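Undergrad: sharing a model prediction with you, sequence too.
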Amino acid sequence: MRKIVIELSSVGKKFIMGFTGLFLCLFLVVHLGGNFLLLRHDNGAAFNAYSHFMETSWIIRIIEFVLLGVFVIHIVMAFILAKENRSARPIPYAVNKASENSSWFSRYMEITGGIIFIFLCVHLYNFLISQRFFHDYPSMYAAVKTIFHNPWYCAFYVICLVWVGLHLIHGFQSSFQSFGFRHPVFFPWIQRAGLLFVILIFSGFIFIPIYLYFAKSSTAVETSYFGQVSRIRDSHLKMVHKNVKIFSGSKGKS
Ligand code: HEM
């Protein structure tokens, strides 16, 4: 009876892990949608309006607390399940062909999860804490642009985003397994759908820092382009003035 309770609770924990994981995937879709506003050519107007809404809306405040709770539950469950797995098998198998028994992604979930945790601490400090509490930058758009103009931050984000994607590749299918979807025909399709989801979402996330980093040089091009235009306009005006002078002078003389 006790064994059944332990097994049931372990299934329950996996279910909670899967549910919270899918909730976090949903958050990523919404988050990416908001971040895409960074790509509009409006000097950050739309993104700053979105960010202002995020900062002032009480509904968002409630969602943020729910999100924090979901993150904490997901991480705590991961620790408990990892500990249970280790204590259930204190002596490692004599022949541990891990690569044959499980995928690379599933074996390194704890490591990729740890990297996500570090990434989140840096990320929340970069944007949420520095901007919402200390107002380090004139706007959220300015914060994002300044941070991604730094090549080290840009590289850090791209590398971390790849690791978040790797974590999700296993996490997505594992959530469905925890819900009991193990059908031999349908499960490979869930795996493919998960892979497609991760590739789409993370190419979007990774594109943003790379685009904003190179946008620095395109801004310079824009400036020099406008600089050139104004110089051309100035010289054109000077020429017009000269012509007017010559014309009016010659008119006056005649
Ligand atoms: C290029 C990629 C990303 C960019 C540019 C970005 C940008 C931002 C910005 C600007 C904020 C502050 C939102 C605001 O209040 O206006 C934020 C918050 C946040 N980001 Fe990201 N983010 C990225 C990727 C991620 C990823 C991959 C995760 C999760 C693994 C993540 C998790 C969060 C969380 C949890 C918050 C706090 C949410 C809130 O309190 O509303 N971000 N991000």
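TA: Thanks, I have it.

Undergrad: interface residues of the stretch 1-150 of the chain facing the ligand?
TA: With the criterion set to Cβ under 6 Å from any ligand atom, the stretch 1-150 of the chain comes near the ligand through 31, 35, 51, 54-55, 64, 116, 123-124, 127-128, 140, 144. No exception for glycine: its C-beta is placed from N, CA and C like everyone else's.

Undergrad: how about 5 Å then?
TA: For the stretch 1-150 of the chain, the residues in contact with the ligand (Cβ under 5 Å from any ligand atom) are 35, 51, 54, 64, 127.

Undergrad: tell me the two of these that are most distant?
TA: Maximum pairwise distance among these (Cβ to Cβ): 16.3 Å, between 35 and 64.

Undergrad: which ones are touching residue 37?
TA: Counting by Cβ atoms under 8 Å, 6 or more residues apart in numbering, residue 37 makes contact with 46, 47, 50.

Undergrad: out of those, who's the most crowded?
TA: Among those, the one with the most neighbours (other Cβ atoms under 10 Å) is residue 47, at 22 neighbours.

Undergrad: from residue 209, how far out is that residue?
TA: 14 Å (Cβ to Cβ, to the nearest Å).

Undergrad: where in the stretch 101-250 of the chain is pLDDT low?
TA: 101-106, 216-250 (pLDDT under 70).

Undergrad: what segments of it are helices?
TA: Under the criterion DSSP state H, counting those that start in this stretch, the stretch 101-250 of the chain contains helices at 104-107, 109-123, 130-132, 140-148, 151-178, 187-253.

Undergrad: who's more crowded, residue 35 and residue 64?
TA: Ranked by neighbour count (other Cβ under 10 Å), residue 35 and residue 64 place residue 35 first, with 16 against 13.

Undergrad: which residue packs closest to the more buried one, ignoring adjacent ones?
TA: residue 208 (5.6 Å; Cβ to Cβ, 6 or more residues apart in numbering).

Undergrad: equivalent analysis for residue 205, please.
TA: Spatially, and ignoring its direct neighbours in sequence, residue 205 is nearest to residue 161 (5.0 Å; Cβ to Cβ, 6+ apart).

Undergrad: returning to that earlier point: the residue nearest to residue 35 against residue 33, yeah?
TA: No - the criterion here is Cβ atoms under 8 Å, and residue 208 misses it with residue 33 at 11.9 Å.

Undergrad: what about the two, which has more around it?
TA: Taking other Cβ under 10 Å, residue 208 and residue 33 do not tie; residue 208 has more neighbours (20 against 11).
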